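Peer 1: Structure for the following, please:
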Amino acid sequence: SHGIIWRSFISEIINEYKPRLIGLSTTFMLGCKAVKRAVAIINRMAPYSKKLLGGPTARRYPQLHGLCDFVVFGAGERAIVEILEALTGKRDIHLISNIAFRDKIGRLCYGPGGHQAARVGRLGIPYKFNKNQRIPIPDWTLYHRDPSAFYPIEFSRGCNNNCFFCAYDRGKVFREL
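Peer 2: Alright, predicted model coming up:
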């Protein structure tokens, strides 16, 4: 029943706004099958939209790097803005750092630092968030709601631990069921 509610909610948003780009975080989607299923559903709902993946599962599995039009490795705020600029012709997609993307003929490409940020071929080494990375301040005037109704606060970003029981990727080797 949760799946039906989720699909209905997403379908309403897609039908109302007809987005040019749809982003999907894989932070709580821990396996390739779940990500592929979610992307297939979104592709059916919005075949005209570009798709973007981010989060630890998208980074962890190289087979997901080409599943969507774009995959962002690490913090996505700056990359998403730059991808949107590329979609409007204001930026060269090949110059955007820490992403993977499909070129015009469908080949999987990596932007500068993409292989390193995706940690391709680097298993078993804990992934640490770059604490010196600047994150742009959002323009809340673009959010069409009464600004007095919310106040976003981010208390932490990622995790510095590598607990053996945690599913959040810190370089552990996972096997898909």
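
Peer 1: all helices for the chain, in order.
Peer 2: 2-17, 32-45, 56-60, 77-87, 114-118 (DSSP state H).

Peer 1: Please identify the most buried of those helices.
Peer 2: Burial of the helices of the chain is given as mean neighbour count (mean count of other Cβ atoms under 10 Å); helix 56-60 ranks first at a mean of 23. Where C-beta positions appear, they are placed from N, C-alpha and C, glycine not excepted.

Peer 1: Touching it from outside, list them.
Peer 2: With contacts defined as Cβ atoms under 8 Å, 6 or more residues apart in numbering, helix 56-60 is touched by 26-27, 29-32, 35, 64-65, 67, 71-74, 117-119, 127, 168-169, 174.

Peer 1: Could you tell me which of those residues count as buried?
Peer 2: In terms of neighbour count (16 or more other Cβ atoms under 10 Å), the buried residues within the contacts of helix 56-60 are 26, 29-32, 35, 64-65, 67, 71-74, 117-119, 127, 168-169.

Peer 1: For Ala100, find the nearest of the helices of the chain.
Peer 2: Proximity of the helices of the chain to Ala100 was assessed by Cβ to Cβ; the nearest stretch is helix 114-118, lying at 5.6 Å.

Peer 1: can you redo the helices of the chain as a markdown table with distance to Ile96 and mean pLDDT?
Peer 2: A markdown table is the format used below for those (distance: least, Cβ to Cβ, whole Å; pLDDT from 0 to 100):
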| stretch | distance to Ile96 | mean pLDDT |
| --- | --- | --- |
| helix 2-17 | 24 | 82 |
| helix 32-45 | 21 | 93 |
| helix 56-60 | 16 | 86 |
| helix 77-87 | 5 | 92 |
| helix 114-118 | 9 | 84 |
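
Peer 1: Show the contacting residues for Leu21.
Peer 2: Counted by Cβ under 8 Å, 6+ apart, Leu21 has contacts Ser49, Lys50, Lys51, Leu52, Ile80, Ile83, Leu84, Leu87.

Peer 1: What is the nearest of the residues you listed to Ala40?
Peer 2: Lowest distance from Ala40 to the contacts of Leu21 (Cβ to Cβ) belongs to Lys51, with 10.5 Å.
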